[in-house]
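Undergrad: Here's my sequence, what's the structure:
(one chain, ligands or ions: 2)
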Amino acid sequence: MGDQMPLTVVVGGFFGDEGKGKVVSYLAKRDRVDIAVRTGSVNAGHTVMVNGNVFKLRMIPSAFIHKEARLLIGPGANVNPTIFLKEVEELGVRDRVGVDYQCSIIEEQHIIRDRSDAHLAKKIGSTGQGVGPAIEDRVRRIAKLARDIGDLKPYLTDVPLEVNRALDNGKYVLLEGTQGIFLSLYHGTYPYVTSRDTSAAAVCSEVGVGPTRVNDVIVVFKAYVTRVGGGPLEGELSLEEAKRRGWFEKATVTGRIRRVAPFNFKLARRAVMINGATQIALTKLDILFPDSRGVKEFDELGSEAKKFISKIEKELGVPVTLIGTGPDVDEMVDRREELGLRRK
Ligand code: IMP
Ligand code: MG
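TA: Ligands and ions are numbered 1, 2, ... in the order given. Now for the predicted structure:
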């Protein structure tokens with residue numbers, strides 16, 4: 001155990017739904033994170049599974065499973081108060097959750113606008129959660145902020161101050177990105193993107209922490225690529241082929257069927273570059289290689305699975321430190337110690 005307490009940023013390397021919820025919840029538990037901050041909004045659903053219990057989170061950080069973690073939502077995020085308050089009650093985290101004063105608010109009118117706008121609803125295939133229109137209003141400087149909402153009062157806090165103070169005091173902070181780099185407003189497949197930048201740098205900006213404070217950027221890739229909504233997807237498979245390979249998935253928030261394609265090294269290289277990745281987390285390895293299901297030691301992985309991981313490391317030049325081998329939070333190979341990369 002080293003004595004340097006890291007600021008770790010976790011982001012998606014493809015089009016979202018890479019399994020960030022699983023990676024963040026694993027890190028929170030294993031590393032006993034002190035503060036976890038979520039970014040983005042309710043269009044992004046993060047799934048966490050603990051002992052067979054599934055949680056689908058749209059506002060609360062996936063780190064909630066570590067009971068000592070303070071859970072924050074950064075000022076760049078967009079809060080739907082109804083969904084936030086519901087999750088707070090369901091998860092029983094009332095006494096350790098905080099929302100920044102400056103988060104902007106999603107109102108019913110934003111949801112209506114999102115769903116009735118043919119461009120957003122049909123062409124882009126938005127999730128219909130009102131996020132894009134809420135951000136439009138924020139940019140026009142007419143949005144309501146969290147500080148204006150009575151029901152949020154008990155939770156209001158200065159997230160940048162909390163996070164930077166915690167880092168000053170040697171605490172461990174984890175930032176949870178949402179969506180993936182190719183849905184980024186700046187770096188994605190515009191116009192088929194979401195309404196914010198999804199890069200590691202943008203996550204820091206949304207939280208209010210400077211880039212010099214970051215120790216690790218973990219880019220999460222799924223063992224194959226999925227995307228929901230419109231836009232290009234190189235190597236896209238037919239629905240039948242996706243089912244045959246066991247890659248069939250439905251979206252967390254909208255229930256739509258996800259489009260699928262094989263792992264894309266070219267996209268992955270670009271994701272590593274733009275995010276400044278120091279580590280890679282690879283999820284759903286067990287879907288590609290069923291003999292890896294539930295494995296927790298690298299040496300126990302099959303030779304084909306190991307070959308796939310070596311190829312990723314060789315092509316991307318970044319170590320694969322975390323490998324998901326099943327949906328439960330503990331179904332993970334953690335190579336950080338072995339590679340000398342575990343900071344806490
Ligand atoms: P919006 O973010 O709801 O405006 O949707 C814009 C595009 O981003 C659509 O193609 C959505 O399917 C996609 N998208 C937004 N959030 C997520 C996510 O969390 N996972 C996957 N796709 C997303
Ligand atoms: Mg998701």
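
Undergrad: now the helices: where do they sit in the stretch 101-250 of the chain?
TA: Secondary structure of the stretch 101-250 of the chain (DSSP state H, counting those that start in this stretch): helices located at 108-116, 118, 131-139, 159-168, 200-207, 239-245.

Undergrad: tell me which residues form a beta bridge with residue 49?
TA: residue 54 (DSSP bridges).

Undergrad: tally of neighbours for it?
TA: Counted by other C-beta atoms under 10 Å, the residues lying close to residue 49 total 19. Placement of C-beta: from N, CA and C, glycine included.

Undergrad: same thing with residue 14?
TA: The number of residues packed near residue 14 is 26, by other C-beta under 10 Å.

Undergrad: Likewise for residue 192?
TA: Using other C-beta under 10 Å, residue 192 is surrounded by 18 other residues.

Undergrad: re the thing from before, now the helices of the stretch 101-250 of the chain in TSV, with mean pLDDT?
TA: Listed next are the helices of the stretch 101-250 of the chain as TSV, based on pLDDT from 0 to 100:
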stretch	mean pLDDT
helix 108-116	98
helix 118	97
helix 131-139	98
helix 159-168	97
helix 200-207	98
helix 239-245	96
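
Undergrad: what's the most buried one of those?
TA: Ranked by mean neighbour count under mean count of other C-beta atoms under 10 Å, the helices of the stretch 101-250 of the chain are led by helix 200-207, which reaches a mean of 24.

Undergrad: Now do that one and helix 159-168, the angle between them.
TA: Using axes from the mean of the first three to the mean of the last three C-alpha atoms, to 10 degrees, the direction of helix 200-207 lies 110 degrees away from that of helix 159-168.

Undergrad: and helix 200-207, is it in reach of ligand 1?
TA: No - for helix 200-207, no contact with ligand 1 is found by C-beta under 6 Å from any ligand atom; the gap never falls below 13.8 Å.

Undergrad: Any idea which of the helices of the stretch 101-250 of the chain gets closest to residue 86?
TA: Nearest to residue 86 among these is helix 108-116 (15.1 Å), distances taken as C-beta to C-beta.

Undergrad: which helices and strands does the closest one pack with?
TA: Contact here means 3 or more C-beta pairs under 8 Å, 6 or more residues apart in numbering; DSSP states H and E; on that basis helix 108-116 packs against helix 131-139.

Undergrad: quick one: the helix it packs on to helix 108-116, angle?
TA: Between helix 131-139 and helix 108-116, the angle comes out at 130 degrees (the same axes, to 10 degrees).

Undergrad: can you list the residues that contact helix 131-139?
TA: Helix 131-139 is contacted by residues 41-43, 78, 104-107, 109-110, 113-114, 117, 120, 126, 143, 194-196 when judged by C-beta atoms under 8 Å, 6 or more residues apart in numbering.

Undergrad: what sits against whichever residue of the stretch 101-250 of the chain sits closest to ligand 1?
TA: Closest contact between the stretch 101-250 of the chain and ligand 1, by C-beta to the nearest ligand atom, is at residue 229 (2.2 Å). Contacts for residue 229 (C-beta under 8 Å, 6+ apart) come out as 124-127, 192, 256.

Undergrad: picking up where we left off before, just the contacts of helix 131-139 that are near ligand 2?
TA: With C-beta under 5 Å from the ion as the criterion, the contacts of helix 131-139 include none near ligand 2.
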